[in-house]
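[1] Got a sequence here, can you build the structure:
(2 chains, ligands or ions: 4)
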Amino acid sequence: MRIDSTVYVPAVSRQAAYLDWLQMFSGICLIIFMYLHALFVASIIFGTGAFNTLADFFEDYYLVQTGGPVIVLIFLVHFILAARKIPFSSGQQKTLWVQSRQLAHRDTWLWVVQVASAMIILLMGSIHMWVVLTDLPITADKSAARIQSGFWLTFFLILLPLVELHVGIGWYRLGVKWGLIKSKARNKVKRFEYYFTGFFILLGLVTLIRFLFVKI
Amino acid sequence: MVRKLIFSIFRYNPADPSSRPQTKKYKLEETENLNLFVALNKIREEQDPSLQFDFCCRAGICGACAMVINGRPGLACHTKAKDLPADISLMPLPGFKLVGDLSVDTGTWFRSMNEKVESWVHTDKKFDPQAEEERMGNDVAEKIYELERCIECGCCVSACATAQMRDDFLGAVALNRIARFIIDPRDKRQEKEYFEVVGTDQGIFGCMGLLGCEDVCPKHLPLQDQLAFVRRRMGIHALKRILPWKN
Ligand code: HEM
Ligand code: SF4
Ligand code: SF4
Ligand code: FES
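    Ligands and ions are numbered 1, 2, ... in the order given. Coordinates of the predicted model:
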């Protein structure tokens, strides 16, 4: 907190509150999308038939063609809103780093993970969405060819855990910030969050491995 | 077996131009029920009379002895040596003006904070010393008392990465203080007035929910739940303003 040195009183606006609401809503949209997305892609585990049926369904009803760009938009809005809280100056970054190391405090570390993963997801998520959405329709063969090329396998091996960590920490943080998760339940929910995230990383890995064995 | 404790203590006297920030080591044999209050006094008496640190109540009431103990802000008088490893590092609380060594000036900060959130009951009623005190329900009184227990030690501010990164952030202690007045029926301030104080990015919307505050508060104030309470109240207040029939 800074100590006042002027008598200037700024006008109060409600902007901070609105932006906080928007940040939460964009976050929730992306959280729901990411978990559903993980489940849809995992349909490959049941074979190319299942995957293609789902993909066809989403395209026949123009859900990919309309939902895709909407997600891209929410993705960018979410980033711009969250960026207000991300330390970009090296001074702040150093403070955060020193603070996290000294305090050895799990929730502060989780925030560092969230900020760091956000930067990588911004870049890799954009590339990924661009590649998929400019090469419609989605088919199991095309996805499998990409993943079997090796480059995209490495790409997803990096993106997958980062996304799951970011999303998992994200809903936990929203819960404690708005009071959906009360102090008493906090440790239990946090443990659940670890398992939940672990499950989705595992599911993603199995999905990727399954893609490697799709005959094109 | 008696442990030999090694204290690594931050030493720096800003008033002395020749002084440089450094860490000095002091050895001390552990005695029964040794707490850091006693340990520091022993070191000052027996080894180094120039060591500066603050104490007053030595019972966790005044909040003067807060310092960073092995990385975590806490009260020295509340911390027993037996709960710590033999290597103990002591640093002054970050985020406050350093007086010297382990002593910081939390008073100026807290005075400014209290002025900012106008930490008093706002009322138009004239005080009548003859009249019987107005009654208050026991549950409300207890709720207020729970939040009143804050001893202004500053640990929550030092443990908050947000407060450390942004020096205009109010901090959990101020947001908790506002929550205390929101639930106090004697305070005539309305949602709008509270919003003006904390409905900003320097107030509740700057808090990122890292909960360092909650985890270090030596008085175990319910900071997490209070922060969420204030966020909901202020968030809903702002939303109501865009509904035309609520204006
Ligand atoms: C509308 C937007 C999106 C569509 C249509 C989409 C579609 C797909 C498809 C078809 C795959 C299979 C692999 C491939 O074909 O290359 C995939 C995998 C993946 N996507 Fe997306 N995606 C979208 C947005 C996102 C976003 C925003 C993220 C993260 C920020 C993301 C993260 C991932 C990850 C981590 C994988 C690997 C999944 C796994 O191994 O289970 N996607 N996506
Ligand atoms: S809220 Fe807790 S940590 Fe913060 S000043 Fe009050 S007693 Fe200290
Ligand atoms: S929850 Fe975190 S950001 Fe908010 S006041 Fe507490 S430590 Fe600071
Ligand atoms: S000396 Fe008063 S709280 Fe420790």
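[2] May I see the buried residues of the helix or strand harbouring A:Leu110?
    Using DSSP states H and E, A:Leu110 sits within helix A:106-133. By neighbour count on 16 or more other C-beta atoms under 10 Å in any protein chain shown, the buried set for helix A:106-133 is A:107-108, A:110-112, A:114-115, A:117-118, A:121-122, A:124-125, A:128. (C-beta placed from N, C-alpha, C; glycine too.)
[3] ok, now which ones touch residue 207?
    Picked chain A for this. Neighbour list for A:Thr207: A:Ala38, A:Val41, A:Ala42, A:Ile44, A:Ile45 [criterion: C-beta atoms under 8 Å, 6 or more residues apart in numbering or on different chains].
[4] meant chain B actually
    Listed by C-beta under 8 Å, 6+ apart, the contact set of B:Cys207 reads A:Lys177, B:Thr162, B:Phe169, B:Ala172, B:Leu175, B:Leu227, B:Arg231.
[5] do A:Gly125 as well
    By C-beta under 8 Å, 6+ apart, the residues touching A:Gly125 are A:Phe75, A:Leu159, A:Val163.
[6] Give me the distance between the last one and ligand 4.
    Meaning A:Val163. With distances taken as C-beta to the nearest ligand atom, to the nearest Å, A:Val163 is found 45 Å from ligand 4.
[7] Would you reformat the contacts of B:Cys207 as a markdown table and include distance to A:Gln148, secondary structure and pLDDT?
    Formatted as a markdown table, these follow (distance: C-beta to C-beta, whole Å; DSSP: H, G, I helix; E, B strand; the rest coil; pLDDT from 0 to 100):
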| residue | distance to A:Gln148 | secondary structure | pLDDT |
| --- | --- | --- | --- |
| A:Lys177 | 42 | helix | 86 |
| B:Thr162 | 45 | helix | 86 |
| B:Phe169 | 50 | coil | 86 |
| B:Ala172 | 51 | helix | 87 |
| B:Leu175 | 53 | helix | 87 |
| B:Leu227 | 49 | helix | 85 |
| B:Arg231 | 47 | helix | 89 |
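[8] tell me which of those is nearest to B:Lys4?
    Closest approach between the contacts of B:Cys207 and B:Lys4, by C-beta to C-beta: B:Ala172, at 37.4 Å.
[9] I figured the closest one hits B:Leu210, correct?
    No: taking contacts as C-beta atoms under 8 Å, B:Ala172 lies outside contact range of B:Leu210: 10.1 Å.
[10] who touches both of those two?
    Common contacts of B:Ala172 and B:Leu210 (C-beta under 8 Å, 6+ apart): B:Cys160.
[11] low pLDDT regions in the chain?
    Just so you know, I chose chain A. Residues of chain A that meet the criterion pLDDT under 70 lie in A:1-12.
[12] actually it's chain B I care about, not the one you picked
    In chain B, residues with pLDDT under 70: B:244-247.
[13] Could I get the full set of helices for it?
    Along chain B, counting by DSSP state H, helices occupy B:36-46, B:107-116, B:138-148, B:155-158, B:161-165, B:172-182, B:191-198, B:212-216, B:223-242.
[14] that older thread, mind giving me the ChimeraX command for buried ones among the contacts of A:Thr207?
    Typed into ChimeraX, the next command selects the buried ones out of those (criterion: 16+ other C-beta under 10 Å):
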select /A:38,41,42,44
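[15] Using TSV, lay out the contacts of A:Thr207 together with distance to ligand 1.
    As requested, the contacts of A:Thr207 are exported to TSV (distance: C-beta to the nearest ligand atom, whole Å):
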residue	distance to ligand 1
A:Ala38	6
A:Val41	4
A:Ala42	6
A:Ile44	8
A:Ile45	10
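[16] Just the contacts of A:Thr207: which are in helices?
    A:Ala38, A:Val41.
[17] Let me know the closest of the contacts of A:Thr207 to B:Lys42.
    A:Ala38 (58.8 Å).
[18] thought the closest one was touching A:Val206?
    No: A:Ala38 sits out of contact with A:Val206 when judged by C-beta under 8 Å, with a separation of 10.8 Å.
[19] What distance do you get for A:Gln92 to ligand 3?
    According to C-beta to the nearest ligand atom, A:Gln92 stands 14 Å off from ligand 3.
[20] is it true that that residue touches B:Met165?
    Yes: if you go by C-beta under 8 Å, A:Gln92 and B:Met165 touch, sitting 4.5 Å apart.
[21] For residue 63, the count of nearby residues, please.
    All of this refers to chain A. Neighbourhood size, A:Leu63 [other C-beta atoms under 10 Å in any protein chain shown]: 12.
[22] please go with chain B instead
    20.
[23] My read is that it contacts B:Gly154, right?
    Yes: judged on C-beta under 8 Å, B:Gly63 makes contact with B:Gly154 at a distance of 7.2 Å.
[24] Is any residue of the helix holding A:Leu110 near ligand 1?
    Yes: Helix A:106-133 reaches ligand 1 (C-beta under 6 Å from any ligand atom) through A:Ile121, A:Gly125, A:His128, A:Met129, A:Val132.
[25] Taking helix B:223-242 as reference, get the angle to that helix.
    Helix A:106-133 runs at 50 degrees relative to helix B:223-242, counting by axes from the mean of the first three to the mean of the last three C-alpha atoms, to 10 degrees.
[26] Helix A:106-133: what's the following helix or strand?
    Toward the C-terminus, helix A:106-133 is succeeded by helix A:140-148 as the next helix or strand (DSSP H and E).
[27] Nearest the geometric middle of chain B, what residue?
    Using C-alpha atoms, centre = their mean, the residue of chain B that lies closest to the mean C-alpha position is B:Gly154, 2.8 Å off.
[28] Just list the residues touching that residue, thanks.
    By C-beta under 8 Å, 6+ apart, B:Gly154 lies in contact with B:Gly63, B:Ala66, B:Pro73, B:Leu93, B:Gly95, B:Phe96, B:Val104, B:Thr106, B:Trp109, B:Phe110, B:Val173.
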